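> With the sequence up front, the predicted model follows.
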Amino acid sequence: MKIYVKNMVCPRCIMAVETILKTLQIDYKNVSLGEIELNSQPDNSDVTKLSDQLQEIGFEVIDDKKHQLIERIKNYIIQFIHHDKEMLKINLSDFLSEVLGYEYNYLSNLFSEVEGTTIEKYVILQKIEKVKELIVYDELSLKEIAHQLGYSSVAYLSNQFKKVTGLTPSHFKTIGQQKRIPLDHL
């Protein structure tokens with residue numbers, strides 16, 4: 001059995017959910033971004049306790065099938081951009097279609113209908129947040145960041161960055177952390 005969870009965006013989120021599952025003594029197989037895979041069907045009181053504890057730390061159990069699919073799309077995009085550099089080398093639309101088992105056109109239309117924005121715009125927002133993170137870390141040049149995130153040039157990255165944030169990457173670097181947006185708020 002799978003339980004879908006909204007707002008899980010990082011490995012720390014996974015650890016927090018695992019801690020809750022262990023505390024509640026709910027037998028689980030795996031926890032990944034946005035998903036809890038259980039070994040067996042828990043009783044209703046355990047599900048209620050789990051849902052309540054997840055809400056206390058900013059997560060939400062998703063019951064609706066459409067919203068579950070949207071959350072899976074978001075989590076794959078977050079994984080794609082923030083946690084696995086190798087994934088950026090593959091075509092996102094083909095990847096999403098393959099792992100989710102739906103035509104990309106359907107996924108794209110559903111995402112737009114439910115979220116009020118396109119998958120492409122969501123990807124851009126995620127990429128810009130990753131750029132912000134990398135700029136704040138100050139370990140890579142803008143050219144290296146552009147290459148790492150699959151931008152064709154520094155100029156293209158800079159133009160997209162300015163369009164989204166209203167700032168150039170160099171200006172952002174001077175003001176730093178205060179302009180970052182938590183991933184679950186995108």
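Sure thing, it's come through.
> Which strand or helix spans the residue nearest the centre of the chain?
Nearest to the mean C-alpha position of the chain, by CA atoms, centre = their mean, lies Ile78 at 3.0 Å. In this assignment (DSSP states H and E), Ile78 forms part of helix 65-78.
> would you put the C-alpha positions of that helix in PDB?
Provided in PDB are the C-alpha atoms of helix 65-78 (Å, rounded to 0.1, in the frame of the first residue of the first chain):
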ATOM      1  CA  LYS A  65      -5.800  10.500  -7.400                       C
ATOM      2  CA  LYS A  66      -5.200  13.700  -9.500                       C
ATOM      3  CA  HIS A  67      -3.400  15.400  -6.700                       C
ATOM      4  CA  GLN A  68      -1.400  12.300  -6.000                       C
ATOM      5  CA  LEU A  69      -0.200  12.300  -9.600                       C
ATOM      6  CA  ILE A  70       0.600  16.000  -9.500                       C
ATOM      7  CA  GLU A  71       2.600  15.500  -6.400                       C
ATOM      8  CA  ARG A  72       4.500  12.600  -8.000                       C
ATOM      9  CA  ILE A  73       5.300  14.900 -11.000                       C
ATOM     10  CA  LYS A  74       6.600  17.600  -8.700                       C
ATOM     11  CA  ASN A  75       8.700  15.100  -6.700                       C
ATOM     12  CA  TYR A  76      10.200  13.700  -9.900                       C
ATOM     13  CA  ILE A  77      11.100  17.200 -11.000                       C
ATOM     14  CA  ILE A  78      12.600  18.100  -7.700                       C
END
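> list the helices and strands the helix or strand that that helix is followed by packs on?
Sequence order places helix 92-100 as the next helix or strand after helix 65-78, per DSSP H and E. If you count contacts as 3 or more CB pairs under 8 Å, 6 or more residues apart in numbering; DSSP states H and E, helix 92-100 packs onto helix 65-78, helix 104-115, helix 119-137. Any C-beta I mention is one placed from the backbone N, CA and C, and that applies to glycine too.
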